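Engineer: Sequence first, then the predicted structure, then my questions.
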Amino acid sequence: MTDPMIKPELAPGVAAEPELVPPPSPMPVMQLRDVSVAFSGRPAVRNVSFDIPENEVTALIGPSGSGKTTLLRSLNRMHDLVRGAEVSGSILLGDIDVYGGSISPTLLRSRVGMVFQRPNPFPTMSIYDNVTSGLRFNGVRRKALLEEAAESALIAAALWDSVKNRMKAHASTLSGGEQQRLCIARALAVEPRVLLMDEPTSSLDPVATKRIEELLGELKDRVSIVIVTHNMQQAMRVSDTCAFLLMGEDRAGELVEYAATTKLFGEPDDPRTADYVNGRFG
Amino acid sequence: MVPDGAYRVGLATVAAVFALLLLAFVTSLVVQARPAFAHFGFGFLTGTKWDPVHGHLGALTFVVGTLETTMIAMVIAVPIGLGTALALAYALPRRLQAPLSMGVELLAAVPSVVYGLWGLLVVAPAVRTVLEPALAKLTGGHEPFGGIQEGIGLLLAGLILSIMVLPTLVAISRDVLIAVPHEQVEGAYALGATRWQVLRRVVVPHARAGLLGATTLATGRALGETIAVTMVIGNTVSFAHSLFAPTATMASVIANEFTEATEPFHLSALVAVAVILLGVAILVNVTARLLVRSVGGRQRVGLGVA
Ligand SMILES: Nc1ncnc2c1ncn2[C@@H]1O[C@H](COP(=O)(O)OP(=O)(O)OP(=O)(O)O)[C@@H](O)[C@H]1O
Ligand SMILES: [Mg+2]
């Protein structure tokens, strides 16, 4: 038997065989290893491991209470603000350990942005101040820089045209869908590597939802997106990769399957996934 | 179910009764005050001489005294009260929050005469021997920090007032701050804000209408507070040229002289002072309402002030 590690000498003039092994996939932007979250000792998410690919949309799906929000909020350390919440396991952003102490929660949150279920622009601030708030929290003071970032972020969030002439107006004068896009722009202005979105369209009407779904595809080049959604069609439409969570026996959420979206919806490995995506599930 | 019409008539009746009571109240005051106003004219408001025996009655000293004590009280109480409320709502560990909040609410229930006694017996000596010498030394003893250090006087009255309004200020401000929606706080944190930035840029602006309301309520209490101020201010009918000097307020002069007002016009003049005090209180309240409306913008936050 020949040692597979030693390539057979190729005779001169003979073309090399075409490469059969797929090229190594680029380094994931975030890696979760055995991530568990407990509230006051009660586990809500257990031993979840998967990778979040760079410049793709990753969807988290699963029934209510399966820990999607809980898992999402562990990625930018929002649980630090909740008494009794405890995160274990390891989460890497690039090669930085998110909970390792080498990165402060505030810096982490400017690298990993978040959009919430209900639009939450700051009602006391103008549209312009909302968009630039993250930069100002992070110490940016130069007017030119702020204005440039605001324009770029608003264009990216497909909001520029409708607000460019009323940047000083209060954020509360916008419609719900516009407010949510303002929140997306606000998160983008900080130039995060990852954008976490927790059911960002669940409080919006179908038209506003469609706009945001279209937006996600356009934003991929700029930021890696993790989106929690209840809506199977939405997950299918917007995501490249999909993670399916389900409660275990003690109601703690576990990862059942993680795969390319086409595979997870087309030919899932786990029968529970098949049941869920086909709607044969609570 | 009560029919709609009956409900409306009921409400209108109640509202009308209150309006009538208020009208009767103000009218009776004004009627009693009229002789003084008619006799002294505008000079009643601008005169500084208060000598019932010889019939010279001008109330300016008291008006100024009330404004000064209130101002001192608010200058001390507002920053401390806001800071305490922020700490109670957002900074302290939960173990401490509940007992401290309860302590603050208990302080609000202490009768004013008790504050007055405490101010006279405990705080006054401390002010005389520690605070006033320290302030005089710090400022070189120039006005308004000069003169005899008596303990009793303007500064002590302002100090006691500030302590008296603090519980109300803290309790309401804390409630207003806690009521700021959690999504707002999380939204700021999620953008990389520090705790201080979250409080300063999001929580306080969001709560500002309610905080202004809390401050108004406290100001109203400081304006009208009577017994404690009467006990610690010294009750001399003269302008205080120093913070350390005794003077009097509208409320304190009424309380002090009411039982012995036998000279002509004296009683009427005291009621006239009461009318002015009422006017000042209403003015403060209306101004605050307008302010709350202008800063409140589109939101409806907080108290019944908006
Ligand atoms: N702050 C908290 N304190 C205590 N328990 C919590 C907290 N947040 C979530 N949980 C619990 O964690 C479990 C998972 O909740 P989570 O909100 O993550 O579910 P979800 O999958 O996002 O559900 P939904 O689809 O309804 O949003 C639930 O049992 C919930 O009660
Ligand atoms: Mg959720």
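Structural biologist: Happy to help now that I have it. Ligands and ions are numbered 1, 2, ... in the order given.
Engineer: So A:Val35 lies in a strand, does it not?
Structural biologist: Yes: residue state for A:Val35 (DSSP: H, G, I helix; E, B strand; the rest coil) corresponds to a strand.
Engineer: Chain neighbours aside, what residue packs nearest to it?
Structural biologist: Nearest non-adjacent residue to A:Val35, counting by C-beta to C-beta, 6 or more residues apart in numbering or on different chains: A:Gly89, 3.9 Å away. Where C-beta positions appear, they are placed from N, C-alpha and C, glycine not excepted.
Engineer: Dihedrals phi and psi, the one you found?
Structural biologist: phi 90, psi -170 (degrees, to the nearest 10).
Engineer: OK, contacts around it?
Structural biologist: Taking C-beta atoms under 8 Å, 6 or more residues apart in numbering or on different chains, we find A:Gly89 in contact with A:32-36, A:47-49.
Engineer: Distance check, it against A:Glu147.
Structural biologist: Distance, A:Gly89 to A:Glu147, using C-beta to C-beta, to the nearest Å: 41 Å.
Engineer: got it, and B:Ala240?
Structural biologist: For B:Ala240 relative to A:Glu147 (C-beta to C-beta), the value is 53 Å.
Engineer: Compare neighbour counts for those two and give me the winner.
Structural biologist: Set B:Ala240 next to A:Glu147 and count neighbours by other C-beta atoms under 10 Å in any protein chain shown: B:Ala240 wins out with 24 against 14.
Engineer: So that one: helix, strand or coil?
Structural biologist: coil.
Engineer: That one contacts B:Thr66, correct?
Structural biologist: No: if you go by C-beta atoms under 8 Å, B:Ala240 and B:Thr66 don't touch, sitting 12.0 Å apart.
Engineer: Which other helices and strands does the helix or strand where B:Thr66 lies contact?
Structural biologist: Assigned by DSSP states H and E, B:Thr66 belongs to helix B:60-86. In terms of contacts (3 or more C-beta pairs under 8 Å, 6 or more residues apart in numbering or on different chains; DSSP states H and E), helix B:60-86 is packed against helix B:43-46, helix B:154-178, helix B:204-224, helix B:250-257, helix B:266-296.
Engineer: Now do that helix and helix B:204-224, the angle between them.
Structural biologist: 140 degrees (axes from the mean of the first three to the mean of the last three C-alpha atoms, to 10 degrees).
Engineer: Buried ones in helix B:60-86, by neighbour count?
Structural biologist: Buried residues in helix B:60-86, counting neighbours by 16 or more other C-beta atoms under 10 Å in any protein chain shown, are found at B:60-66, B:68-70, B:72-74, B:76-78, B:81-82, B:84-86.
Engineer: For the stretch 151-282 of chain A, what lies in contact range of ligand 1?
Structural biologist: Of all the residues in the stretch 151-282 of chain A, those in contact range of ligand 1 (C-beta under 6 Å from any ligand atom) are A:His230.
Engineer: same thing but 8 Å
Structural biologist: A:198-199, A:228, A:230, A:245, A:247, A:251-253 (C-beta under 8 Å from any ligand atom).
Engineer: now the stretch 201-306 of chain B, which segments are flagged as low pLDDT?
Structural biologist: Where the stretch 201-306 of chain B drops to pLDDT under 70, the residues are B:296-306.
Engineer: okay, now residue 179: neighbour count?
Structural biologist: Using chain A here. The number of residues packed near A:Gln179 is 24, by other C-beta under 10 Å.
Engineer: Wait, chain B was what I had in mind.
Structural biologist: Quick note: B:Ala179 (other C-beta under 10 Å) scores 13 neighbours.
Engineer: near chain A, which residues of chain B?
Structural biologist: Contact residues (C-beta under 8 Å from any C-beta of the partner chain) of chain B with chain A: B:94, B:181, B:183-194, B:197, B:201-202, B:205-206, B:208, B:297-299.
Engineer: Those residues in helices, which ones?
Structural biologist: Among the residues of chain B next to chain A, the members falling in helices are B:94, B:183-189, B:197, B:205-206, B:208 (criterion: DSSP state H).
Engineer: Could I have the CA atoms of the helix or strand hosting A:Asp129 written out in CSV?
Structural biologist: Per DSSP H and E: A:Asp129 is located in helix A:127-137. Extracted in CSV, the C-alpha atoms of helix A:127-137 (Å, rounded to 0.1, in the frame of the first residue of the first chain):
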residue,chain,number,x,y,z
ILE,A,127,-33.1,60.5,12.5
TYR,A,128,-29.5,61.7,12.0
ASP,A,129,-28.7,61.4,15.7
ASN,A,130,-30.2,57.9,15.7
VAL,A,131,-28.0,56.7,12.8
THR,A,132,-24.9,58.2,14.3
SER,A,133,-25.6,57.3,17.9
GLY,A,134,-23.5,54.1,17.8
LEU,A,135,-20.5,56.0,16.3
ARG,A,136,-20.8,58.7,19.0
PHE,A,137,-21.1,56.0,21.7
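Engineer: That one: how far from the chain's middle?
Structural biologist: Computed by C-alpha atoms, centre = their mean, to the nearest Å, the chain-centroid distance of helix A:127-137 equals 21 Å.
Engineer: Please apply the same query to stretch B:19-37.
Structural biologist: Taking mean C-alpha positions (C-alpha atoms, centre = their mean), stretch B:19-37 and its chain are 23 Å apart.
Engineer: The residue nearest to B:Gly234 when sequence neighbours are not counted: what's it in contact with?
Structural biologist: Among residues not flanking B:Gly234 along the chain, B:Pro246 sits closest, at 2.2 Å (C-beta to C-beta, 6+ apart). Taking C-beta under 8 Å, 6+ apart, we find B:Pro246 in contact with B:150, B:152-154, B:233-236, B:238, B:240.
Engineer: can you rerun that using 10 Å?
Structural biologist: B:65, B:148, B:150-154, B:156-157, B:232-238, B:240 (C-beta atoms under 10 Å, 6 or more residues apart in numbering or on different chains).
Engineer: buried sites along the helix ranked longest in chain B?
Structural biologist: Criterion DSSP H: the longest helix present in chain B is helix B:4-40. Buried residues in helix B:4-40, counting neighbours by 16+ other C-beta under 10 Å, are found at B:32-33, B:35-37, B:39-40.
Engineer: ok, so of those residues, who is nearest B:Asn256?
Structural biologist: For those, the residue nearest B:Asn256 by C-beta to C-beta is B:Ala36; the value is 16.9 Å.
Engineer: Tell me the helix or strand right after the helix holding A:Asp129.
Structural biologist: Downstream of helix A:127-137, the first helix or strand assigned by DSSP H and E is helix A:143-156.
Engineer: Helix A:127-137 and that following helix, what's the angle between them?
Structural biologist: 120 degrees.
Engineer: Helix A:143-156 - what's its average pLDDT?
Structural biologist: Taken as a whole, helix A:143-156 carries a mean pLDDT of 94.
Engineer: What segments of chain A are helices?
Structural biologist: Along chain A, the stretches classed as helices by DSSP H are A:68-75, A:105-111, A:127-137, A:143-156, A:160-163, A:176-188, A:206-219, A:232-238, A:261-266, A:271-277.
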